[in-house]
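J.: Pasting a predicted model and its sequence here:
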Amino acid sequence: MQLLSKTVRSYLIYCVVIIICSIPTLYFLLYNFIRHESEEALHIRKEHIIKSTAKLHSIRELQQYIQFHEDLTITPLDSSIEKTDEKTSKIFEYDSISQENIPFAIFSFPLEFEHKKYRIDLRESLIEREELMELILSIQISVLMLLLAGLFFINKNLASKIWTPFYQILEKVKEIEVNRDAELNLPKTNIREFEDLKQAILYLAKKNRRVYQVQKEFTENAAHEMQTPLAIFQSKLELLMQSMNLNEEQANLIESLLNVSQRLSRLNRSLLLLAKIENEQFIEKEEIDVCEVIQALIGQFSEQFRYQKIKSDIHLPNPIYLKANTTLLEILFSNLISNAIKYNLEQGIFLLNSNSRNEIIISNSGRLSAVHSADMFERFTKNASAQEGIGLGLAIVKKICDTCHYQIDYHFDDDLRLHHFKVKF
């Protein structure tokens, strides 16, 4: 979820909760206020009626008074009833004109006139007050909804403008390449926090470029300074091997030194290659067919297939086109194929297939049983029976896949006793 959406959602949830709570609260407050005002008005009217009827002198005048006021009705009470309490009730009467039920408040109170007891029913329409309450509620809800909508849009637009420099800085950060010295032009902003962020990013970008250059120079220097003496050392050993006056013990010792120097040279090249991959020094990319690259590599291993009498089955019916660095792809599949041959059985099996899901699957029989996938791609993990290896081949494969955002998986088929490596592009 975006930061802006999360902020706006928090405001929105808060406002909705306030509206949901305020509407029923306002309704009950209005209802109680109007009911109180209505009861107070009825009591005032009652006092007025009692005072007015006190000035009357006969039942006839009382009846005329009642008839003159349409909202009053009078009912004689049994004289045996000592006391009649006041009470307020609510009734509905059907109005034929509006064709709806009209609410009325009935306030009943006792009246004693010429030593006789009567009950006076004072009727008051509630339609106007209820309509007023509905109107006030409607206005209140409308105002709250307008405030909510206004708050939402104003906050969203304002936040969008405020956060614009942040998103611009973020886009620029995504374009940073430590192997290029192009100046990082970050947008200006008058917001202190974003300005601090910009300065921190500029500092980190400059520092990363400097570290990259140091590592690159070290890699280049190491490649030159170590390979040259190793090459001289190997050539001297080869010349010494050609000497005619060596006994068997001396020849074996020199051969052992030569094997160690060759292994050291391979180890040096592999470590330098890993450093170059980690530093992303293979930046040139072109549109290539992975299957064509693999077909070209297979020919380079034909002698090893024949020497170990490995039965190979190459099936690449589905071309896989992608934009990649050719050198890295060659190293990737060269190491996988070399690993499949090195740890294979004599007269073993080698399978290589492609499919429509942009996957290359390399399978081989082997002396090893299943290997834990987490350990398979660790550096210096190798089979004890293959002492000529340096334990970096699959580590280089994993590093290339991680750098180029490929997916590599390993699993072992117990039934067929085959190791499977799958590369998904």
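T.: Arrived safely, thanks for sending. Residues are numbered from 1 along each chain as shown.
J.: Point out the other elements, helices or strands, that the helix or strand that contains residue 144 touches.
T.: Using DSSP states H and E, residue 144 sits within helix 127-174. Where contact means 3 or more C-beta pairs under 8 Å, 6 or more residues apart in numbering; DSSP states H and E, helix 127-174 is packed against helix 3-54, strand 100-113, helix 192-241. Glycine gets a C-beta too; all of them are placed from N, C-alpha and C.
J.: Buried deepest among the ones you listed, which one?
T.: With neighbours taken as mean count of other C-beta atoms under 10 Å, the helices and strands packed on helix 127-174 reach their highest mean count in strand 100-113, at a mean of 16.
J.: That one pairs with which strands?
T.: Strands adjacent to strand 100-113 in the sheet, as given by DSSP bridges, are strand 87-95 (antiparallel), strand 116-125 (antiparallel).
J.: Just the C-alpha atoms of that strand, please, in CSV.
T.: C-alpha atoms of strand 100-113 as CSV (Å, rounded to 0.1, in the frame of the first residue of the first chain):
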residue,chain,number,x,y,z
GLU,A,100,-50.7,9.5,5.8
ASN,A,101,-50.8,9.0,9.5
ILE,A,102,-50.2,12.2,11.5
PRO,A,103,-48.6,12.0,14.9
PHE,A,104,-50.2,13.8,17.8
ALA,A,105,-49.2,14.4,21.4
ILE,A,106,-52.1,14.0,23.9
PHE,A,107,-51.7,15.7,27.2
SER,A,108,-54.4,14.7,29.7
PHE,A,109,-55.0,16.5,32.9
PRO,A,110,-57.9,16.8,35.5
LEU,A,111,-60.1,19.8,35.7
GLU,A,112,-62.7,20.5,38.5
PHE,A,113,-65.5,22.8,37.4
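J.: which one of the strands paired with strand 100-113 is the most hemmed in?
T.: With neighbours taken as mean count of other C-beta under 10 Å, the strands paired with strand 100-113 reach their highest mean count in strand 116-125, at a mean of 16.
J.: and the angle from that strand to helix 3-54?
T.: 150 degrees (axes from the mean of the first three to the mean of the last three C-alpha atoms, to 10 degrees).
J.: Give me the next element, helix or strand, following the worst-scoring helix or strand of the chain on mean pLDDT.
T.: Sorting the helices and strands of the chain by mean pLDDT, DSSP states H and E puts helix 373-376 at the bottom, at a mean of 62. Per DSSP H and E, the first helix or strand lying C-terminal to helix 373-376 is helix 393-404.
J.: Counting neighbours, what do you get for residue 187?
T.: 14 (other C-beta atoms under 10 Å).
J.: Please disregard the earlier target; I meant residue 61.
T.: Applying other C-beta under 10 Å, we find 13 residues neighbouring residue 61.
J.: same check, this time on the one 5 residues further on
T.: By the other C-beta under 10 Å criterion, the neighbourhood of residue 66 contains 17 residues.
J.: Next, it: secondary structure please.
T.: Following DSSP: H, G, I helix; E, B strand; the rest coil, residue 66 is assigned to helix.
J.: Turn the strands paired with strand 100-113 into a markdown table, columns for mean pLDDT and distance to residue 219.
T.: As requested, the strands paired with strand 100-113 are arranged in a markdown table below (pLDDT from 0 to 100; distance: least, C-beta to C-beta, whole Å):
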| stretch | mean pLDDT | distance to residue 219 |
| --- | --- | --- |
| strand 87-95 | 78 | 93 |
| strand 116-125 | 81 | 95 |
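J.: Quick check: residue 336 vs residue 421, distance?
T.: Distance, residue 336 to residue 421, by C-beta to C-beta, to the nearest Å: 6 Å.
J.: what is in contact with these two at once?
T.: Common contact partners of residue 336 and residue 421 (C-beta atoms under 8 Å, 6 or more residues apart in numbering): residue 362.
J.: Please settle this for me: is residue 295 part of a helix?
T.: Yes: the assignment for residue 295 by three-state DSSP puts it in a helix.
J.: What sits closest to it if chain neighbours are left out?
T.: Sequence neighbours aside, residue 316 is the residue nearest to residue 295 in space, at 6.8 Å (criterion: C-beta to C-beta, 6 or more residues apart in numbering).
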